[in-house]
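Q: got a predicted structure here, sequence first:
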Amino acid sequence: MDPQKEARTARDQAAPPPASESQALLKEEARREGGEAPAAALGEEADACADGLWALPVEPAERRPECSRCSRPQKVCLCPFLPMHPLHISTHLYIIQHPAEESKVLRTVPLLAACLPQDKCKVKIGRRFSEERDPELSTVCRKSGTLILYPGAEAANLEEFILDSPTYPSTIIIIDGTWSQAKDIFYKNSLFRLPKQVQLKTSISSQYVIRAQPTNRCLSTLECAAVALSILEKNNHIQETLLRPLRALCSFQLQHGAQIRLSKEHLLKNGLYPKPMPKNKRKLRKMELLMNSVKI
């Protein structure tokens, strides 16, 4: 045999078959054995199988059973710190809650609602409200006996206002959310400019120590409601009763690894603020006002 022809024959015998032929051989072998060809050798077929995994349903993580009254996990239920029966009040309370607050674990509104009669405490969740979307809230905002608790230059002191008001307030509205969220809700809903705007002038510091506040005077929604209802109902016992579950919540969290969150005002005044000062002039001005204890 010709030496060159013999060499070509040897190379042809040693060379592997083309990829398509190799895949066909593997499939045929798998079919005969009743098995499946290796995924790496099946190319597009393996990719198609992998793509199919994305269509499989994802099982949601199981949530811990919650207490039907305080909305806390049953293992850390706060019902022992709630009043045995809902507090007897004549004031109607409307909580306007930003949607982002609804999913937070350490929110205070469920504790507040658990202490009050259902017909006296209503929670409205949303960012935008109008007469068409919520006729009930629109009617409430137009009544002369309705107040909205939101601080500002035009807000009257609640205690002073009720002394001079010809109509004693029957309803109070409180916005629940971060300060920026509350500001957005207040200024972008014309309904909330209809009631008389009031604010609290109190020297108490927030006891909601596991959540940071802008200033030492800022109170949580539950604390605002506790102080306001005590004033309107002329009953200091209401404030103490409403604050009891909040103290228990903070105490439990601190015992299990949570830390006391100091206000931004305190951190700035004591040189402990962990972030660099903002370059934006408006934000920088707010920081300076906090440091000088000026209301913003």
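A: Thanks, I have the structure now.

Q: contacts for stretch 199-210 next, please.
A: Identification of contacts with stretch 199-210 by C-beta atoms under 8 Å, 6 or more residues apart in numbering yields 106, 108, 149-152, 155-159, 213, 216-220, 222-224, 227-228, 243, 246-247, 249-250, 253-254, 258-261, 263. Any C-beta I mention is one placed from the backbone N, CA and C, and that applies to glycine too.

Q: in helices, which of those fall?
A: Those of those mapping onto helices are 158-159, 222-224, 227-228, 243, 246-247, 249-250, 253-254, per DSSP state H.

Q: narrow the contacts of stretch 199-210 to those that are buried.
A: 108, 149-151, 155, 158, 213, 216-220, 222-224, 227-228, 243, 246, 249-250, 253, 258, 263 (16 or more other C-beta atoms under 10 Å).

Q: the stretch 151-296 of the chain: strands as residue ranges?
A: With DSSP state E, counting those that start in this stretch as the criterion, the stretch 151-296 of the chain has strands at 156-157, 171-176, 196-199.

Q: most tightly packed of the ones you listed?
A: strand 171-176 (a mean of 23; mean count of other C-beta atoms under 10 Å).

Q: what's the average pLDDT for it?
A: Taken as a whole, strand 171-176 has an average pLDDT of 97.

Q: list the strands paired with it, with their directions.
A: strand 92-97 (parallel), strand 146-149 (parallel) (DSSP bridges).

Q: TSV please, covering these and showing distance to residue 83 and mean pLDDT.
A: Output for these, formatted as TSV (distance: least, C-beta to C-beta, whole Å; pLDDT from 0 to 100):
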stretch	distance to residue 83	mean pLDDT
strand 92-97	15	97
strand 146-149	22	98
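
Q: okay, these in a markdown table with distance to residue 114 next?
A: Shown next, in a markdown table, are the strands paired with strand 171-176 (distance: least, C-beta to C-beta, whole Å):
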| stretch | distance to residue 114 |
| --- | --- |
| strand 92-97 | 13 |
| strand 146-149 | 20 |
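
Q: for residue 235, find the nearest of those strands.
A: Among the strands paired with strand 171-176, strand 92-97 comes nearest to residue 235, with 14.4 Å by C-beta to C-beta.

Q: the helix or strand where residue 124 lies pairs with which strands?
A: Using DSSP states H and E, residue 124 sits within strand 121-125. Take DSSP bridges as the rule and strand 121-125 pairs in its sheet with strand 92-97 (parallel).

Q: would you confirm that residue 244 contacts residue 81?
A: Yes - between residue 244 and residue 81 there is a contact under C-beta atoms under 8 Å: 5.0 Å.

Q: cool, thanks, talk later.
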